[in-house]
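> quick one: sequence and predicted model below, then my questions.
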Amino acid sequence: MSVNGVEIPEQAIHREMQYHPAPSADVAQYEAARALVIRELLLQEARRSELNPPLDATDPEEGLIQALMAWAVQVPKADNAACRRYYDTHRERFRSPVVHHVSHLLLPAAPDDHEARREAIARAEELLAEIGDDPGAFTAAAMTHSACPSRDAGGDLGPIGRGQTVPEFEKALERMEPGKIASRPLETRYGVHLVYLRGREGGEQLPFEAVQAQVAEYMEQHVLRRAVAQYLQRLVGDARIEGLDLDGADTPLVQ
């Protein structure tokens, strides 16, 4: 395989494969070869343009690529009006993080143990009937019957943010009303739960001024990725590449 007459050794492709996990060895090999071709193209272009790596670059070749991208791909700053339009169109993305304060009671049962699941659900329903809507009774039941280490704290799991628990538990919390005990048992991969949502914080709309810098950075990065992709596609189109069929180039190859 070669790029404008410069050969890329097969051993280099094999070494590069470790950085491209894929469903099969063939896919990993193609992605590794593709990455090395793009890298060689960028290095050739940087040298042709007589660029130099930054003085503080620890890897001269990586520094050359960075210098080339800074010189060849320039993105204007996002203006305030554009940022404001994006914010107004995507307001749901700009809310403070939601935190749930939760207690639970766990009756363990493996997902594939159907008999244990049925028994756990039946027992959970019995306990729920005894607890009713009494938080004190919930705490006592959790201390007595829960298989989770949180039983020592009456089932208190503390504050739970997004992504800190399994999806099925998180979705149930989002549907619950703060201060209430769930009216039915919840099944997760761990077993059957009774859930008490003690409180919920966050979720408030953040003002534009608080997220303006974040919006600007996102918009600039989006434009940069498109500009880099177009630049790479032009380099690929102008190059003489042998031994590999490139269907284009995208930004992950130069990150």
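Looks like it came in fine.
> list the buried residues for stretch 112-120?
If you call a residue buried by 16 or more other C-beta atoms under 10 Å, then stretch 112-120 has these buried ones: 116-117, 120. (C-beta placed from N, C-alpha, C; glycine too.)
> do the same with stretch 152-160
Under 16+ other C-beta under 10 Å, the buried positions of stretch 152-160 are 154-157, 160.
> can you map out the strands along the protein?
2-3, 6-7, 99-108, 156-161, 180-181, 186-188, 191-201, 241-242 (DSSP state E).
> export the ones you listed to CSV and tack on mean pLDDT?
Converted to CSV, the strands of the chain look like this (pLDDT from 0 to 100):
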stretch, mean pLDDT
strand 2-3, 94
strand 6-7, 96
strand 99-108, 97
strand 156-161, 95
strand 180-181, 98
strand 186-188, 97
strand 191-201, 97
strand 241-242, 93
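> pull up the gap between the residue nearest the centre of the chain and G191, please.
The centre of the chain sits closest to G163, judged by C-alpha atoms, centre = their mean, with a distance of 10.0 Å. According to C-beta to C-beta, to the nearest Å, G163 stands 21 Å off from G191.
> kindly indicate which of the buried residues of stretch 152-160 lies nearest W71.
I160 (47.2 Å; C-beta to C-beta).
> before we move on, the earlier item: right, and the strands of the chain - which one's nearest A137?
Nearest to A137 among those is strand 180-181 (9.1 Å), distances taken as C-beta to C-beta.
> list of residues touching that closest one?
Contacts to strand 180-181, defined as C-beta atoms under 8 Å, 6 or more residues apart in numbering, come from residues 128, 131-133, 135, 138, 194-197.
> mind listing the strands that strand pairs with, and their directions?
Here strand 180-181 has these sheet partners by DSSP bridges: strand 191-201 (antiparallel).
> in the partner strand, what counts as buried?
191-198, 200.
> ok, back up a step: turn the strands of the chain into CSV, columns for distance to R39.
What follows is the strands of the chain, written out as CSV (distance: least, C-beta to C-beta, whole Å):
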stretch, distance to R39
strand 2-3, 9
strand 6-7, 11
strand 99-108, 44
strand 156-161, 39
strand 180-181, 57
strand 186-188, 45
strand 191-201, 47
strand 241-242, 13
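> which of those sits closest to E45?
strand 2-3 (10.7 Å).
> tell me which two of the contacts of strand 180-181 sit farthest apart.
Maximum distance among these (C-beta to C-beta): 15.7 Å, for G132 and L197.
> show me where the chain has its helices.
Shown for the chain, the helices assigned by DSSP state H span residues 10-16, 25-48, 60-72, 80-89, 114-131, 135-145, 167-175, 208-238.
> residues contacting the nearest residue to R117 once chain neighbours are set aside?
Spatial nearest neighbour of R117, excluding adjacent residues (C-beta to C-beta, 6 or more residues apart in numbering): A109 at 4.7 Å. Residues in contact with A109 (C-beta under 8 Å, 6+ apart) are 116-117, 119-120, 191-192.
> with distance to E31 added, can I get those in a markdown table?
Listed next are the contacts of A109 as a markdown table, based on distance: C-beta to C-beta, whole Å:
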| residue | distance to E31 |
| --- | --- |
| A116 | 44 |
| R117 | 42 |
| E119 | 49 |
| A120 | 45 |
| G191 | 41 |
| V192 | 43 |
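> what is the nearest of these to Q44?
Nearest member of the contacts of A109 to Q44, counting by C-beta to C-beta, is G191, at 59.1 Å.
> just checking, that closest one touches A120?
Yes. The pair G191 / A120 is scored as a contact, 5.8 Å apart, by C-beta atoms under 8 Å.
> which neighbours do these two share?
Shared contacts of G191 and A120, counting by C-beta under 8 Å, 6+ apart, come down to 107-109.
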